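Student: With the sequence up front, the predicted model follows.
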Amino acid sequence: MKRFSQLLVTLILKTSRNDKISVLSEYFKYTPDPDRGYALGALTGTLSNPGIKPSLLRTLAAERIDQELFNLSYDYVGDLAETVSLIWPDTAAYKEKLPSITEFISKIDRTPKAKLSALISNFLDNANSNERWAMIKFATGGLRVGLSARLAKTALAAYSGCLLEDIEKVWHGLTPPYIGLFEWLDGKTSIPKIQHTRTFHPMMLANPLNIEQDFNRLDPNDFQAEWKWDGIRVQAVFDESGKQLYSRTGDDISRAFPDIVGELNGKAVLDGELLVGDNFKALPFNQLQQRLNRKSPTKTHLKDYPAFIRVYDMLFYNDDDVRDLPLKIRRQKLEDWMKRVKNSRLDISEILDFDSWSRLAELRTEKADTLGHEGVMIKDLQSKYSPGRPKGPWFKWKRDPKFLDGVMMYAQRGHGRRSSFYSDYTFGIWRGNELVPVGKAYSGFTDEELVMLDKWVRGNTLNRFGPVREVRKELVVELAFDSAHASSRHKSGIALRFPRINRIRWDKPAQEADTTETITSIM
Amino acid sequence: MQWINHELYIAPIDAYIDPIKPVDKAIITHGHADHARPGHQKVLASRQTIDIMKIRYGEKSATSFQSMEFGKPLRINDVTITLYPAGHILGSAQISIEYRGQRVVVTGDYKTIPDSSAQAFEIIKCDLFVTEATFGLPIFQHPSPHNEINNLLKSISEQPKRTHLIGVYSLGKAQRVISLLREAGYDHPIFIHGALEKLCDYYSSERINLGLLRKALVQDKETMKGAVVMAPPSALRDRWSRRLMDPIICQASGWMTIKQRAKRSGVELPLIISDHADWNELTSTIDSTEADTIWVTHGREDALVHWCKLNGKNAEPLRLQGRDEELEI
């Protein structure tokens, strides 16, 4: 844990990408198995949480310090691990050696629930504040040290000389402590074998279109266009013996969608959009949301919001890896496969008919409101299926945003880098004389604007409810959003899709903000 | 106590302590800009605070200056004023005011741990204690400054080709960090930003050992390779610092305790060196003064007020204007 805490402190403070890669490479090179594999799992978010809940830490802190002093401190720091690690009294007592990562995990694992607090207290008593911080981060999961999984893998490539591409290909078939992976990286064995129809394969993502630049240089005949559906991106991985559905980040979401998984036939890895609706007629996103935030669906959900996948790409055709074939061929194979294998919950994504970019532009605006999609996707017919977000082959061209002026009602502290700022805001619009919440936004402003917003929140607080502050209803903000839908979640009866702050209207009086009527009229 | 109010106005002698706006009579605790302002008629302060005010604001920044020695009482009508060292920066004073058998002590800013660039803090028993609370939360437990200086020296020896650029406030922090480095045996010339020059000269003239200092000129960036360069925090992010050779950005401040803050300010090597009392110093000082009423100002008042009440003391927050909470000095 000592080395790991030094690594974590260095990672959070270093700003240069190269510096981060170099400290990580050193760590992976000189740390023994299985410690380094567990560390890699923690850094990339693949290690399952060792089972320490934040509430346990709060309780431990409460035994050592007055509750109000703890709350004021937590409110100030904004991060539980950091607060507890700083507030924990430094004991002058004899210091035991800190456990290694592996010992740390196994001790937590072997300790009965009733004795966990004693174990954790003992670990914290024997550590300095940086070590406490690292242990708490490790034990509760979610490191938030400004490191992407991609960068950790880049460091693996850097220390071993293996290709990042190859690491990516096997990554999702492996689990912590990654013994086989490190054996290969250390040059002791060949690349680990992965069962392709049993694991998630990193997805290919599109870049936003730059209208002026891209349309001038690209020939429409080289591209295929499809609707950009407003659901969630999924990968279906299945054969005779197993069927899985993964989210974009590789989380297994099969249990939430038994209606799809139960109906999967054949052997393939498919990429598509998960939507809800009868007869492949997609309902708006907030209807899909009814099914997203639960582990398994109720009968009513299955009936009212039946799920299906609009398939747009194919990664494996039976056992064949088709990712390196051009999109045009992959599409033919997909069509052929769909014809041969009966799948009642799979629908193929429509290819749009256009001969010029201006014609595509017309389609994009024409159908936006009637079909409820969120724009178009434009893909190079020759493109391979390359994981990550390669520049050039795929573009997304989202529909133009809509705008409304809302009034800030509540503010909440952010996380990670923004943990000492009030950076998450709830906005309201007028219904008669009353302001009703319409949505939350936490992006779209610059760092300088964040400082100003934070200052404004602190100076205009009316009430505090735990981490939330109610503010004077005086600050108007122009929100951009993709679409508005009826919703019972918000008091306003309206839910916004992708709300973000477009600009802050320091000048505008709150009375001139938008009303529920104007928003309902554009729904 | 009827004769002193929440604006630190002492009625019987018509004087304010550290007033933000120009007044007729001002008693100044120390030379930092949020305490010492130009434009008063009469200023009463320690000799070094007056020198510092003249350096920063000019010889005529007040109509008249009267200097006081530490520990020597001054009687005005029925009021006795005595200055005692506050240990914050050179010349910084706690103000003791005695009137009708009661004593009030106003600390200004203070710290109680040893610092060879400032007179050592003294505990003064009193009835009403007006304390600062810049680091008034139990999360602030400053490590030993020698430990932080060792971290800096270690980083210098591990990366001898890079420039260590340290953000320091120009009055107090700069000279303290330099003198800590000298005490730790660092004897190379230290390069300083132009904004630090006058005050470093002044500290040297007051026999604070700062060793060999050189002006940090961008044209000498080759010479500054591997050296320690000090600059005000504002210069860390401007063009001046980008012209240096691949600098490691360091900052010496009590705020560096919180990693997410250090990260947000782009600080790669945080040095937790503070000229303010940390939580343990604040609470033990309050206890030692034996005061039964505590006024808390300057920072995170709520937690310290709460602590006082838990410990059976009367306490009130003073929300003095013009004291910016993030302006740690």
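Tutor: That came through fine.
Student: May I have the residues that are in contact with A:G45?
Tutor: Contact analysis of A:G45 by C-beta atoms under 8 Å, 6 or more residues apart in numbering or on different chains lists A:G141, A:G142, A:L143, A:A149. In this view, the C-beta of every residue, glycine as well, is placed from N, C-alpha and C.
Student: of these, buried ones?
Tutor: Among the contacts of A:G45, the ones that count as buried by 16 or more other C-beta atoms under 10 Å in any protein chain shown are A:L143, A:A149.
Student: Can I get the contacts of A:G45 in CSV including distance to A:C162 and pLDDT?
Tutor: Formatted as CSV, these follow (distance: C-beta to C-beta, whole Å; pLDDT from 0 to 100):
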residue, distance to A:C162, pLDDT
A:G141, 28, 81
A:G142, 28, 76
A:L143, 24, 79
A:A149, 16, 88
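Student: any chance of the contacts of A:G45 in TSV, plus secondary structure?
Tutor: Output for those, formatted as TSV (DSSP: H, G, I helix; E, B strand; the rest coil):
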residue	secondary structure
A:G141	coil
A:G142	coil
A:L143	coil
A:A149	helix
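Student: So which of the contacts of A:G45 is the closest to chain B?
Tutor: Taking C-beta to the nearest C-beta as the measure, chain B lies nearest A:L143 of the contacts of A:G45, at 12.0 Å.
Student: That closest one and A:L8 touch, don't they?
Tutor: Yes. Shown here, A:L143 and A:L8 form a contact pair, counting by C-beta atoms under 8 Å, at 6.9 Å.
Student: which residues are in contact with both of these two?
Tutor: A:K137.
Student: Next one: A:L147 from chain B, what distance?
Tutor: Remark: distance between A:L147 and chain B (C-beta to the nearest C-beta, to the nearest Å) = 12 Å.
Student: Show the contacting residues for the residue in the stretch 151-300 of chain A positioned nearest to chain B.
Tutor: Nearest to chain B in the stretch 151-300 of chain A, going by C-beta to the nearest C-beta, is A:L151, at a distance of 15.7 Å. The contact partners of A:L151, by C-beta under 8 Å, 6+ apart, come to A:R17, A:K20, A:I21, A:L24.
Student: Lowest-scoring secondary structure element of chain A by mean pLDDT?
Tutor: The helix or strand of chain A with the poorest confidence is helix A:368-371; it has a mean of 70 (mean pLDDT, DSSP states H and E).
Student: ok, the following helix or strand past it: who's next to it in the sheet?
Tutor: Downstream of helix A:368-371, the first helix or strand assigned by DSSP states H and E is strand A:375-380. Applying DSSP bridges, strand A:375-380 is found paired with strand A:223-227 (antiparallel), strand A:394-398 (antiparallel).
Student: Now do the same for the last one: mean pLDDT, whole number.
Tutor: Okay, so that is strand A:394-398. Averaging pLDDT along strand A:394-398 yields 93.
Student: Same question for the first one.
Tutor: Strand A:223-227 shows an average pLDDT of 96 in the prediction.
Student: Secondary structure element holding B:M53?
Tutor: Using DSSP H and E, B:M53 sits in helix B:47-57.
Student: Show residues contacting that helix.
Tutor: Residues outside helix B:47-57 that contact it (C-beta under 8 Å, 6+ apart): B:28-31, B:33, B:36, B:38, B:43, B:45, B:61-62, B:65, B:67-69, B:90-93, B:171, B:198-199, B:202, B:206.
Student: quick check, distance from the longest helix out of those in chain B to the centre of its chain.
Tutor: Longest helix of chain B, by residue count under DSSP state H: helix B:145-158. Distance, stretch centre to chain centre, for helix B:145-158: 22 Å (C-alpha atoms, centre = their mean, to the nearest Å).
Student: Pick out the residue of chain B closest to chain A.
Tutor: Using C-beta to the nearest C-beta, the single residue of chain B nearest to chain A is B:I139, 3.9 Å away.
Student: Look up phi and psi at that residue.
Tutor: Main-chain dihedrals, B:I139, degrees, to the nearest 10: phi -70, psi -20.
Student: residues in contact with the nearest residue to it once chain neighbours are set aside?
Tutor: Once flanking residues are discounted, B:I139 sits nearest to A:L86: 3.9 Å by C-beta to C-beta, 6 or more residues apart in numbering or on different chains. With contact set as C-beta under 8 Å, 6+ apart, A:L86 has these partners: A:S73, A:V77, A:S129, A:W133, B:I139, B:F140, B:Q141, B:T257, B:I258.
Student: Could you pull up the residues touching the third one?
Tutor: A:S129 makes contact with A:S85, A:L86, A:W88, A:D90, according to C-beta under 8 Å, 6+ apart.
Student: mind putting the residues you listed in CSV, pLDDT included?
Tutor: Formatted as CSV, these follow (pLDDT from 0 to 100):
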residue, pLDDT
A:S85, 95
A:L86, 95
A:W88, 93
A:D90, 81
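Student: From those residues, pick the one nearest B:R242.
Tutor: Among the contacts of A:S129, A:L86 lies closest to B:R242 (C-beta to C-beta), at 32.2 Å.
Student: Please point out which parts of the helix or strand hosting that closest one sit buried.
Tutor: A:L86 belongs to helix A:80-87 when assigned by DSSP H and E. Residues A:L80, A:A81, A:E82, A:T83, A:V84, A:S85, A:L86, A:I87 are the ones in helix A:80-87 that count as buried (16+ other C-beta under 10 Å).
Student: Hmm, B:V229 is touching B:V218, no?
Tutor: No. Using C-beta under 8 Å, B:V229 makes no contact with B:V218, being 10.7 Å away.
Student: which residues do the two both contact?
Tutor: Residues touching both B:V229 and B:V218 by C-beta under 8 Å, 6+ apart: B:L244.
Student: more neighbours, these two?
Tutor: B:V229 (21 against 12; other C-beta atoms under 10 Å in any protein chain shown).
Student: OK, contacts around the more buried one?
Tutor: For B:V229, the contacting residues are B:T163, B:H164, B:L165, B:I166, B:I190, B:F191, B:I192, B:H193, B:A216, B:L244, B:P247, by C-beta under 8 Å, 6+ apart.
Student: Help me confirm that it is found in a strand?
Tutor: Yes. Counting by three-state DSSP, B:V229 is part of a strand.
Student: Grab the nearest non-local neighbour of it.
Tutor: Leaving out its chain neighbours, the residue that sits closest to B:V229 by C-beta to C-beta, 6+ apart is B:F191, at 4.4 Å.
Student: Quickly find the element holding B:E281.
Tutor: Following DSSP H and E, one finds B:E281 within helix B:279-289.
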